[in-house]
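[1] Predicted model follows, preceded by the sequence.
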Number of protein chains: 2
Amino acid sequence: MARVRMADVAAAAGVSTATVSMVLSGAGSDRISPQTQERVRAAAEAVGYKLDSVARSLRTQKTRMIGLISDNVATTPFAGRMLAGANDVAREHGYLVVLVNTDGYQEQERQAVDALSGQRVEAMVYARMWHRVVTPPAGLPADTVFLDCRPADGGWPAVVPDDREGGAAATRELVAAGHRRIAYVDAPVDDEVVASGLRYAGYRQVLAEAGIAFDAALHVRGVTDAWGGRVAAEVLLDLPAERRPTAIFCFNDRMAMGAYTVAHRRGLVVPDDLSIVGYDDQQLIAAELDPPLTTVALPHYEMGRWAMEVALGVREADRTDPLLMDCPMILRASVGPPPTPVGT
Amino acid sequence: MARVRMADVAAAAGVSTATVSMVLSGAGSDRISPQTQERVRAAAEAVGYKLDSVARSLRTQKTRMIGLISDNVATTPFAGRMLAGANDVAREHGYLVVLVNTDGYQEQERQAVDALSGQRVEAMVYARMWHRVVTPPAGLPADTVFLDCRPADGGWPAVVPDDREGGAAATRELVAAGHRRIAYVDAPVDDEVVASGLRYAGYRQVLAEAGIAFDAALHVRGVTDAWGGRVAAEVLLDLPAERRPTAIFCFNDRMAMGAYTVAHRRGLVVPDDLSIVGYDDQQLIAAELDPPLTTVALPHYEMGRWAMEVALGVREADRTDPLLMDCPMILRASVGPPPTPVGT
DNA sequence: TCGCGATGGTTAATCGTTTAAATCGGGGAG
DNA sequence: CTCCCCGATTTAAACGATTAACCATCGCGA
């Protein structure tokens, strides 16, 4: 039971393969009479013909495949959303995506680039799970799009979250609720992870705009998990009453989760006694916390779509400055007005 | 700057393309003299030759690509672990994986199957994010492996978590700690989601083995998120003291999170007053809860590896019964002995 | 009657490899 | 000195589509 080829269809329909090709691919089918078209289609159906994309690819030099290199598809739900966005766009345009997970190893990245270009993918998407500036692997083709990361020296289209504005929005939310003593629980210093600095910049900017003096004691750092958030929150809440924050903006939802824990332990109720804002909108945390966490969402799905769209050439993109994708505020129930100040 | 082909290498080395092919692919290279081999390799390097896999695939009828159809890569961290496992194995054997996300739509599944077989993938993996029994999409090739799901009528290799034994292990853990009144917070009834029934069976079995009479009041169901867990836990803890459970086994970690919330609100401390065991080992929840949650891990990475191994033919598999993959207990801090019984 | 433009196909080259079969020079056996 | 074989390489035929170039037929106007 050998594969049925175009020649078999041609034989069955009593025409040449050229004709079959034209009617089945649609190209130049205006040159073939409707009766013949019908006959060919019927024959194809009858013999169970399926196009061989490999052969077509060889001839046309188009594979309708896009390579997607990802550093870490395993441990974050973010990955999935980016993949989903990229995949949806690819499907909408009849493309397939070839995924390679590299765990961030340079050697694997190089191999991936080689394997993918050998497979003649038409473009590539180079994705990172955390907003970073990266040095592109050697041999990366020109038609590559950077997703959730930015090449150190530019030259490629890239899309990253607008973390500065996100940090600003979160802080603004707190200011709007009436808070004046707003802490920022930051990530550890890491040159590659740029989100931290950007969100901090947004935080400072809004503080300044609101005429709130920056208090260095309210900017603390910790490991970016619940435990780190716990430690940081302890430090903040140990501050003397008049310097203590009434609101905490956390680098991510996991740290916010830690802050919740500390609040509970101290008998503080969120948001009455303490307002908390997170970042990331991790479904498994933010929505499930008690009370549900107000946070800033990372536009992973949208970034995935955007990247694939420029990879497919259906969207133009700048090659020097990355696109900053909006990070929407997700309003839930962890922000309220500050507790009534003493003496009011 | 056209692509450099084998013919270019051949010209540069002063040999025929057949020779180049043989030395570069390694096949029959024992028939080519070492000097020539060296010369060819040098020439290839010099002109920057890269193999065109499309052409090779057409000729050899082997693409070294595996199709992976997934129903939902976006919203669960599980997806990533399966993908990572599958990807690692593929890479180890020099294969590439073509990913298609279908969101579970039948129509998209059929299209995916068509697109992938058109692309001549050598095998497929059909993955679901939740342990299910499924009816395979039409046209699914014989060399497909089912991952985290099982075809309704068998006939294909499949791997699923051993949920029965997982449920048993969780319950056993609680029994071993001394509990006699152990509740099971179950998922809603859903014929396709088989994990629920299996874990329940394991729970019942261990109860029986331990000589503990089953109390129907301790088997409650709820939506599988924190809110559902909350509601269920309320019901359980509202039971009169002598019927109230001292331990709760939850269908998943999110529900366990809800149980934590209720415990906190009632001033019960975990695990002193109430022991809790979850399921899934969701990194973002289980490890971050206070106290860290004892739970049962789902072997997604291992299942992904297994599926890809049989897809590549490097491992034999039964086509009638699915492989049951072990679900390891993750011991953390949410289980302790029951509170001292009244009158002891 | 002839020429010409549509109309509706067909022929054959091509994409870049792989590989079975043919070739070719040289050395050893008879 | 032949003949045969062997090792090293080349020739050429696939693989299954696409597509530029070509061709046959028909109808119609001059």
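    Received it, and whenever you're ready, just let me know what you need. Remember, it's a predicted structure, so these values are computed and weren't measured experimentally. Numbers count the residues shown, from 1 in each chain, chains lettered A, B, ... in the order given.
[2] CA atoms for contacts and neighbours, from now on please.
    Fine.
[3] Stretch A:138-158 near chain B anywhere?
    No: for stretch A:138-158, no contact with chain B is found by Cα under 8 Å from any Cα of the partner chain; the gap never falls below 11.6 Å.
[4] Now do that stretch, average pLDDT.
    Averaged over stretch A:138-158, pLDDT sits at 96.
[5] Extract the C-alpha trace of that stretch and format it as CSV.
    C-alpha atoms of stretch A:138-158 as CSV (Å, rounded to 0.1, in the frame of the first residue of the first chain):
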residue,chain,number,x,y,z
ALA,A,138,25.4,32.5,16.2
GLY,A,139,23.9,31.9,12.9
LEU,A,140,20.5,33.2,13.7
PRO,A,141,18.9,34.2,10.5
ALA,A,142,17.8,37.8,9.7
ASP,A,143,14.2,36.9,9.7
THR,A,144,14.0,36.1,13.3
VAL,A,145,11.7,37.7,15.8
PHE,A,146,12.6,38.1,19.4
LEU,A,147,9.8,37.3,21.8
ASP,A,148,9.8,38.5,25.4
CYS,A,149,13.5,39.4,25.0
ARG,A,150,15.6,42.0,23.2
PRO,A,151,18.8,41.4,21.3
ALA,A,152,21.6,43.3,23.0
ASP,A,153,22.6,45.3,19.9
GLY,A,154,19.2,45.5,18.2
GLY,A,155,18.9,44.7,14.5
TRP,A,156,15.9,42.3,14.9
PRO,A,157,12.3,42.9,15.5
ALA,A,158,11.4,42.3,19.2
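[6] what comes up buried for that stretch?
    Applying a neighbour-count criterion of 16 or more other Cα atoms under 10 Å in any protein chain shown, one finds A:140, A:143-151, A:154, A:156-158 buried in stretch A:138-158.
[7] how about the CA coordinates for the helix or strand hosting residue A:310, as CSV?
    Element membership for residue A:310 (DSSP states H and E) is helix A:300-312. What follows is helix A:300-312, C-alpha atoms only, in CSV (Å, rounded to 0.1, in the frame of the first residue of the first chain):
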residue,chain,number,x,y,z
HIS,A,300,2.1,36.8,26.8
TYR,A,301,-0.6,35.6,24.4
GLU,A,302,-0.6,38.9,22.6
MET,A,303,3.2,39.0,22.4
GLY,A,304,3.2,35.5,21.0
ARG,A,305,0.7,36.6,18.3
TRP,A,306,2.6,39.7,17.4
ALA,A,307,5.9,37.8,17.1
MET,A,308,4.4,35.2,14.8
GLU,A,309,2.7,37.9,12.7
VAL,A,310,5.9,39.7,12.0
ALA,A,311,7.6,36.3,11.5
LEU,A,312,5.0,35.6,8.8
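[8] packing partners for the helix or strand that that helix is followed by?
    Going down the chain from helix A:300-312, the next helix or strand is strand A:323-325, by DSSP H and E. Secondary-structure packing of strand A:323-325 (3 or more Cα pairs under 8 Å, 6 or more residues apart in numbering or on different chains; DSSP states H and E): strand A:158-161.
[9] next structured bit after the strand it packs on?
    Per DSSP H and E, strand A:158-161 leads on to helix A:163-176 as the next helix or strand towards the C-terminus.
[10] can you give me how far that next one is from the chain middle?
    Mean C-alpha position of helix A:163-176 versus that of the full chain (Cα atoms, centre = their mean, to the nearest Å) differs by 20 Å.
[11] which other residues reach it?
    Counting by Cα atoms under 8 Å, 6 or more residues apart in numbering or on different chains, the neighbours of helix A:163-176 from elsewhere in the structure are A:182, A:195, A:198-207, A:210, A:247, A:249, A:275, A:277, A:295-296, A:326-329, A:335.
[12] Let me know the distance separating residue A:255 from DNA strand D.
    Between residue A:255 and DNA strand D the distance is 54 Å, computed by Cα to the nearest atom of the strand, to the nearest Å.
[13] Secondary structure element for that residue, which one?
    Here residue A:255, judged by DSSP H and E, is contained in helix A:253-265.
[14] for residue A:128, same thing?
    Following DSSP H and E, the helix or strand that holds residue A:128 is strand A:123-134.
[15] Report whether that strand contacts chain B.
    No: Strand A:123-134 stays out of contact with chain B when judged by Cα under 8 Å from any Cα, the minimum separation being 11.9 Å.
[16] now stretch A:77-85
    Yes: figure legend: stretch A:77-85 in contact with chain B (Cα under 8 Å from any Cα); contacting residues A:77-84.
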